[in-house]
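S.K.: Have a look at this prediction, sequence included:
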Amino acid sequence: MASAVAAIFWISILENRVFLVALCLAWFLVGVLAVEYFERTSRSHDSSKIVVDEWVGMGISLLLIPWTWGWVVAAFAIFRFFDIFKPLGVGAIDRNWSGPWGVIMDDVLAGVYTCIVLAGIRYLFFL
């Protein structure tokens with residue numbers, strides 16, 4: 001659910017990609033601190049209550065595509081695939097990185113892979 005809300009948020013407020021990158025970076029940095037604090041005080045790891053990682057990953061997913069509903073839905077679906085099934089190293093980060101870095105970096109990598117897949121589709125089909 002957090003990824004869907006994040007996708008709607010990103011395309012509804014953003015006017016340029018520089019702002020998207022800046023906001024993703026800011027949320028990443030604040031997210032690392034917030035996740036570290038949450039995990040320390042709750043004594044849990046990668047709780048479903050933590051959603052900043054989904055927001056950062058979804059933002060990265062939208063970097064190189066047109067901001068139309070079709071592309072955003074595709075970005076959401078592909079991002080969820082990488083986030084759920086964790087192929088190509090996403091799972092390794094999730095399993096092997098401890099603390100806030102592991103919580104956030106698996107979604108960052110899922111977002112990067114989504115961005116690459118969608119950029120490839122645009123390139124291959126001249127969209």
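M.R.: Perfect, I can see it now. Because the structure is a prediction, the values reported are computed rather than measured.
S.K.: Flag the shaky bits of the protein, pLDDT-wise.
M.R.: Judged against pLDDT under 70, the chain has no low-scoring part.
S.K.: Could I get the contacting residues of the closest residue to residue 38 other than its chain neighbours?
M.R.: Here the nearest residue to residue 38 in space, its sequence neighbours aside, is residue 50; by C-beta to C-beta, 6 or more residues apart in numbering that works out to 6.3 Å. Every C-beta, even on glycine, is put in place using the N, C-alpha and C of the backbone. Contact analysis of residue 50 by C-beta atoms under 8 Å, 6 or more residues apart in numbering lists 35, 38, 103.
S.K.: would you list those in a markdown table and tack on distance to residue 78, secondary structure and neighbour count?
M.R.: Formatted as a markdown table, the contacts of residue 50 follow (distance: C-beta to C-beta, whole Å; DSSP: H, G, I helix; E, B strand; the rest coil; neighbours: other C-beta atoms under 10 Å):
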| residue | distance to residue 78 | secondary structure | neighbour count |
| --- | --- | --- | --- |
| 35 | 24 | helix | 22 |
| 38 | 28 | helix | 18 |
| 103 | 21 | helix | 24 |
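S.K.: Could you single out the nearest of these to residue 3?
M.R.: residue 103 (14.8 Å; C-beta to C-beta).
S.K.: Contacts only, for the closest one.
M.R.: Residues near residue 103 by C-beta under 8 Å, 6+ apart: 35, 39, 45-46, 50, 53.
S.K.: Got the phi and psi for the residue nearest to residue 38?
M.R.: phi -90, psi 120 (degrees, to the nearest 10).
S.K.: Just the CA coordinates for stretch 56-65, please, in PDB.
M.R.: The C-alpha atoms that make up stretch 56-65 are tabulated as PDB, following Å, rounded to 0.1, in the frame of the first residue of the first chain:
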ATOM      1  CA  VAL A  56      12.500   6.300  -1.700                       C
ATOM      2  CA  GLY A  57      12.400   3.200  -3.900                       C
ATOM      3  CA  MET A  58       9.300   4.300  -5.700                       C
ATOM      4  CA  GLY A  59      10.800   7.800  -6.300                       C
ATOM      5  CA  ILE A  60      13.900   6.300  -7.900                       C
ATOM      6  CA  SER A  61      11.600   4.100 -10.000                       C
ATOM      7  CA  LEU A  62      10.000   7.200 -11.600                       C
ATOM      8  CA  LEU A  63      13.300   9.000 -12.500                       C
ATOM      9  CA  LEU A  64      13.500   8.300 -16.200                       C
ATOM     10  CA  ILE A  65       9.900   7.800 -17.300                       C
END
